[in-house]
Each structure stands twice: as C-alpha cells, then as structure tokens.
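**Q** Fold the following.
(one chain, ligands or ions: 1)
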Amino acid sequence: MILVTGGTGLVGSHLLFELVSGGRKVRALKREISNTDLVKRLFQWYSPEDGEKLFESIEWAEGDLNDIFSLKDAMQDIRHIYHCAAMVSFMPEDRQMMMKANVEGTANLVNVALDSNIEKFCHCSSVAALGMPQKDNIIHESLVWKTSKKNSWYAISKYGSEREVWRASEEGLPVVIVNPSVVIGPGDPARSSAQLYQSVKNGMKFYTSGVTGFVDARDVASVMVSLTESDIINQRFVLSSEDLSYQELFSLFAYYSGAKPPRYRAGRFLSELAWRLERMRSFITGQKPLLSKETARNANIKRYFKNTKIKEALDIDFRPVREAAENTSLFFRKYPVYLSPDFRMPS
Ligand SMILES: NC(=O)c1ccc[n+]([C@@H]2O[C@H](COP(=O)([O-])OP(=O)(O)OC[C@H]3O[C@@H](n4cnc5c(N)ncnc54)[C@H](OP(=O)(O)O)[C@@H]3O)[C@@H](O)[C@H]2O)c1
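**A** Just a heads-up that it's a prediction; the model follows:
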C-alpha cells in the first residue's frame, strides 16, 4: 500500500490519479478541514468513464503533519510514501505556520517513516530549496544553499524540509527527491501556482519581465512514480520543462481561455509600488494581500533551469508548457464554477 500526503493539492491530486489509474492501492492523508471535491473533479476530467470509480478507491486517512499519532496510524502497512503536503505561501504573516507545517511536519513524517520499515520515501521539494544560482542564473541539482536576505520564507521552509529528508536518508530511510519549478495544471485557483491562471482569466493588465521554469503537473506525478519504483535512491532531480517569461505564460493562458493577455509591462518600480499599495489595502480592508514583496520581486528575476539529470536518468521528455496551459484552460472552461469570485471550497 502507498501513502500520499497533500493529496488534495495541485501536485498531490495529479499524483493520486497517476497512482490509482495504474491500479495501485493508495491511502491519502487529509485534514479534517480538507476538501476532496476538486480531486474527484480532476479524476472525472482525466477519466470521464472511470474517474468516479477510481476516486472512490482511495482510502482517506484523517491526519495532519503536526499530529504524530495520526501519521503513525496512516503509515500502517505502507511500503512507499509520497510527501506532497506543504504550506505554499509568500505572505510574511504565514511564516510561522509555514515553518511548522513544512519543516516540523516533514521531520515528524520522516521520523515515523524511519520506525515503519518504509521501502522508499519520495519527497516533493522545490527549486526554491536549491539556493541561489551563480552569475549565470542557471539552477541545477548541485547548487549549494547559501543563507541570504534574498531567500523567501517559503524557500527557507522548503530548504529546511529537504534537510529533514536528507537527515532521514543518512539514518537509513531510502529517499528520492524531486525539485519542480512552477507547476502548471488544474487545481484550486485560490492557492499555490494555480492562482496564475485565475489572475489572467480575471483580466490582469500587467506582466513582469521575469523568466522562470514551468512544468506540467501530470509530468511531475509520473516522474515521482517512476523514480519511486526505480532503483534510484538518495538523489534529487530538478523537474522543469521549459523556461518562459511570465508574459509568454500569461499569453498562453489568455489564448486558451479566451481572455485578453496582459498588455503593460510592470518594471521594477511599478512592482515595488504595487506590493506596497496591496499591503496598505490589506491593512485597511483586513483582507489578505494579493501580492507580497517576495512575489513582486521574484516576478522580475530571470532564472533558467537545467533538466538533463532527470531526462537521462529516466529517458523521458517533458510536455511543452503550451500543453499544460491548454489542459488547465480546458478544465476551467468545463468547470467554470471554481473560478467564480463567490465560490469557496466547502470544508
Ligand atoms: N505548485 C507549484 O508550483 C510547486 C512548485 C514546486 C514545488 N511545489 C511543492 O509541491 C508540493 C505540493 O504543492 P501544491 O502546489 O500541490 O500545493 P497546494 O495545492 O497548496 O496543496 C498543499 C497540500 O498540502 C496539504 N497540507 C498543508 N498543510 C498540511 C498539514 N499541516 N498537514 C497535512 N496536510 C497539509 C493541503 O491540505 P488541505 O487541502 O487540507 O489544505 C494540500 O493537500 C509542496 O511541497 C510544494 O512546495 C509546488
């Protein structure tokens, strides 16, 4: 039996589909507040005939990364663990909660795994955990993390959680780690990278000059499974298909969704102004800011990603980002309810 954490998220829901549609028996950890509605939709989207049946075959176990007893219960009779649960946020006020879920939560999970005869632990890390590149701005697996004021709290928490996994590997847990770039696919548009599509669909007028890597959620899922079922252990792999400017990504989303692409370039000055104004609006209205200092600054940075290690290890190629954008747009065209400003995931 396989255990998946974060199964209700963007990466985890695609992973659940990949595992279950391949005939594997899966238990998925979910919190009391988690909502599985979108996971079911996603299964129906990828398999209109069998989706519902496949979804029903998942055994849901209630638990939380910060509740060790629930992790012990969930890990009964488990051979492989896929760890996709994490808090993804660039808001400074989420810092403590994020460190608790991502670093302490991962430490809890690997500690229980070390006591539970787990054959392989697959950790979904992030390119954010790899550290700052040299002058060439190329990100790859051999980069060494450096403490810097430029590291976001999200990056620090992902680095901390990856360290816990490496520590467990030294204590005897066979691990494999993936470091995806920005993941594109249908998911809750209120969180994680799925918010990018929502912004374009809502008629966002500005784009920034930054460049980054993007990868299809379906590819992340299938690579995680192939790595976990292979003999490869104690290695990490960058998962990234192509480097695109934000303008290029937004144009793809606009093209497939029928929205107008953002027209105006927001340079450094405008981005700096935008996050400050957004902070003020949040202070006055009490609502969460839509943009943080970290997201505004990252959006103007140009980063390039080397994906040769995973391509050679598994002899694979990634889907072009165009396909990921098309898949995401078609999903939301079929289920527009998730994009409605009044829609809230029931809990
Ligand atoms: N999206 C990207 O572009 C991207 C890129 C690189 C790496 N990653 C990594 O991929 C992983 C998944 O990200 P995602 O985009 O799928 O995020 P997501 O859509 O926000 O999903 C996060 C998942 O984590 C669960 N979770 C959060 N805190 C938890 C806790 N304390 N205990 C148990 N479950 C908890 C959430 O459960 P609820 O449903 O209950 O909230 C949800 O299932 C993360 O490790 C992230 O760092 C993501």
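
**Q** any idea of the mean pLDDT for stretch 325-333?
**A** The pLDDT scores in stretch 325-333 average 94.

**Q** Check whether it comes into contact with the ligand.
**A** No. Counting by Cβ under 6 Å from any ligand atom, the ligand is not contacted by stretch 325-333; separation bottoms out at 12.1 Å. (Glycine included, C-beta is placed from N, CA and C.)

**Q** Return that stretch as CSV; C-alpha atoms alone will do.
**A** Output of stretch 325-333 as CSV, limited to C-alpha atoms (Å, rounded to 0.1, in the frame of the first residue of the first chain):
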residue,chain,number,x,y,z
ALA,A,325,-1.7,25.8,-20.2
GLU,A,326,-4.2,24.2,-22.6
ASN,A,327,-5.1,21.4,-20.2
THR,A,328,-5.6,23.9,-17.4
SER,A,329,-7.8,26.2,-19.5
LEU,A,330,-9.9,23.4,-20.9
PHE,A,331,-10.5,22.1,-17.4
PHE,A,332,-11.8,25.5,-16.2
ARG,A,333,-13.8,26.0,-19.3
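
**Q** quick one, what contacts the nearest residue to residue 27 once chain neighbours are set aside?
**A** Of all residues not flanking residue 27 in the chain, residue 59 sits nearest, at 4.4 Å (Cβ to Cβ, 6 or more residues apart in numbering). Residues near residue 59 by Cβ atoms under 8 Å, 6 or more residues apart in numbering: 25, 26, 27, 28.

**Q** hmm, try it at 10 Å
**A** Residues near residue 59 by Cβ atoms under 10 Å, 6 or more residues apart in numbering: 1, 3, 25, 26, 27, 28, 74.

**Q** any idea whether the second one is helix, strand or coil?
**A** If I follow you right, that is residue 3. strand (DSSP: H, G, I helix; E, B strand; the rest coil).

**Q** What is the burial count for it?
**A** 28 (other Cβ atoms under 10 Å).

**Q** Likewise for the third one?
**A** Here the number of neighbours of residue 25 (other Cβ under 10 Å) works out to 13.

**Q** With adjacent residues omitted, what lies nearest to it?
**A** Nearest one to residue 25, counting by Cβ to Cβ, 6+ apart, is residue 1 at 5.0 Å.

**Q** What of the last one?
**A** Spatial nearest neighbour of residue 74, chain neighbours left out: residue 61 (4.2 Å); criterion: Cβ to Cβ, 6+ apart.

**Q** before we move on, which element is that neighbour in?
**A** Using DSSP states H and E, residue 61 sits in strand 59-62.

**Q** Would you map the helices across the stretch 51-200 of the chain?
**A** 51-56, 68-74, 95-99, 105-114, 153-170, 195-201 (DSSP state H, counting those that start in this stretch).

**Q** what angle separates the longest one from helix 105-114?
**A** What that stands for is helix 153-170. Helix 153-170 runs at 20 degrees relative to helix 105-114, counting by axes from the mean of the first three to the mean of the last three Cα atoms, to 10 degrees.

**Q** Touching, residue 319 and residue 215? I think so.
**A** Yes. If you go by Cβ atoms under 10 Å, residue 319 and residue 215 touch, sitting 8.5 Å apart.

**Q** need the residues of the stretch 1-150 of the chain near the ligand, please.
**A** Contact residues, the stretch 1-150 of the chain versus the ligand (Cβ under 6 Å from any ligand atom): 5-12, 29, 31, 33-34, 64-66, 84-88, 101, 105, 124, 126.

**Q** Can you tell me which of these end up in strands?
**A** 5, 29, 124 (DSSP state E).

**Q** ok, these vs the ligand, which is closest?
**A** Proximity of these to the ligand (Cβ to the nearest ligand atom) peaks at residue 124, which lies at 4.3 Å.

**Q** Show the pLDDT at residue 320.
**A** pLDDT, residue 320: 98.

**Q** How much space separates it from residue 241?
**A** Separation of residue 320 from residue 241 (Cβ to Cβ, to the nearest Å): 7 Å.

**Q** Repeat that for residue 337.
**A** Noted for residue 337: a distance of 29 Å to residue 241, by Cβ to Cβ.

**Q** What residues does the nearest residue to residue 155 once chain neighbours are set aside make contact with?
**A** Once flanking residues are discounted, residue 155 sits nearest to residue 128: 3.9 Å by Cβ to Cβ, 6+ apart. Contact partners of residue 128, counting by Cβ under 10 Å, 6+ apart, are 88, 139, 151-152, 154-159, 162, 179-181, 298.

**Q** can you tell me which two in those are farthest apart?
**A** 162 and 298 (19.1 Å; Cβ to Cβ).

**Q** Neighbour count: those two, which is higher?
**A** Each of residue 162 and residue 298 has its neighbours counted (other Cβ under 10 Å); residue 162 has more, 25 against 20.

**Q** was I right about the more buried one contacting residue 127?
**A** No. Using Cβ under 10 Å, residue 162 makes no contact with residue 127, being 11.1 Å away.

**Q** Which residues are in contact with each of those two?
**A** Residues touching both residue 162 and residue 127 by Cβ under 10 Å, 6+ apart: residue 179.

**Q** can you map out the strands along the chain?
**A** Here the chain has its strands, by DSSP E, at 2-5, 26-30, 59-62, 80-83, 120-124, 138-139, 175-180, 182-184, 206-207, 211-216, 235-239, 242-245, 264-265, 304-305.

**Q** Switch the ones you listed over to a markdown table; also include mean pLDDT.
**A** Below are those laid out as a markdown table (pLDDT from 0 to 100):
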| stretch | mean pLDDT |
| --- | --- |
| strand 2-5 | 98 |
| strand 26-30 | 98 |
| strand 59-62 | 98 |
| strand 80-83 | 98 |
| strand 120-124 | 98 |
| strand 138-139 | 93 |
| strand 175-180 | 98 |
| strand 182-184 | 95 |
| strand 206-207 | 80 |
| strand 211-216 | 95 |
| strand 235-239 | 98 |
| strand 242-245 | 95 |
| strand 264-265 | 80 |
| strand 304-305 | 94 |
